[in-house]
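> Pasting a predicted model and its sequence here:
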Amino acid sequence: MEALESLGIDWRLLIAQIINFLILLFLLRFFLYKPIVGMLIKRKEKISQGLKDAQDAKEQLEQASAKSKQTLTEASLVSEKIISSAKREMEEQTGAEIKRAQLKAEEILASSRKQAALEQAKIVEKAKREITDLALTISEKVIGSQVDKDDIKKVSEKIK
């Protein structure tokens, strides 16, 4: 201790300063260092949690994007199937309607032909009657007597 005194250092004052320093160190450690370190640890955990959450959100976004693309692809395929099915049905219905219209037109044409044939037969029959009546009238005038209708029928049948 004499060596300290020879240097001009009071050992009691040195011990008091060391004790003061240790007390100050303890107080700073208890009131300042531990709260700051605790705060830094919490902040570090919060940042790492934020990074983890960001990574999870990125993965979920990628999954959602992939699912969305898959859904769009599936919807596109379904819509193409529906469109092709609708086209096929439309073509079938159109073909059926065309066939029905053709059949109806053929029926109308056949009916018109039958009716025309009947009208022609009526006209021919009427013309034959008129010709027979005319022939009867002419023969009566030429012969001067009345000709029997049965005779005229026999003659007209021979002509046919």
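Okay, I see it.
> Mind naming the longest helix for this protein?
Under DSSP state H, the helix in the chain containing the largest number of residues is helix 34-143.
> mind checking how far that helix is from the chain centre?
13 Å (Cα atoms, centre = their mean, to the nearest Å).
> which helices and strands does it pack with?
helix 149-159 (3 or more Cβ pairs under 8 Å, 6 or more residues apart in numbering; DSSP states H and E). In this view, the C-beta of every residue, glycine as well, is placed from N, C-alpha and C.
> Now do the helix it packs on, average pLDDT.
With pLDDT averaged residue by residue, helix 149-159 scores 66.
> Could you do stretch 32-51 as well?
Mean predicted confidence for stretch 32-51 is 94.
> any idea how far residue 76 is from residue 63?
20 Å (Cβ to Cβ, to the nearest Å).
> Any regions of this protein where pLDDT drops low?
Applying pLDDT under 70 to the chain flags residues 1, 4, 144-153, 155-160.
> burial of residue 50, as a residue count?
As a burial measure, residue 50 scores 10 neighbours (other Cβ atoms under 10 Å).
> Then residue 88?
10.
> Check residue 128 too.
For residue 128, using other Cβ under 10 Å, the count is 13.
> try residue 49
10.
> which parts of the host helix or strand of residue 25 are buried?
For residue 25, the host element (DSSP states H and E) is helix 11-28. Within helix 11-28, no residue is scored as buried using 16 or more other Cβ atoms under 10 Å.
> other SSEs contacting that helix?
Helix 11-28 packs on helix 2-7, going by 3+ Cβ pairs under 8 Å, 6+ apart.
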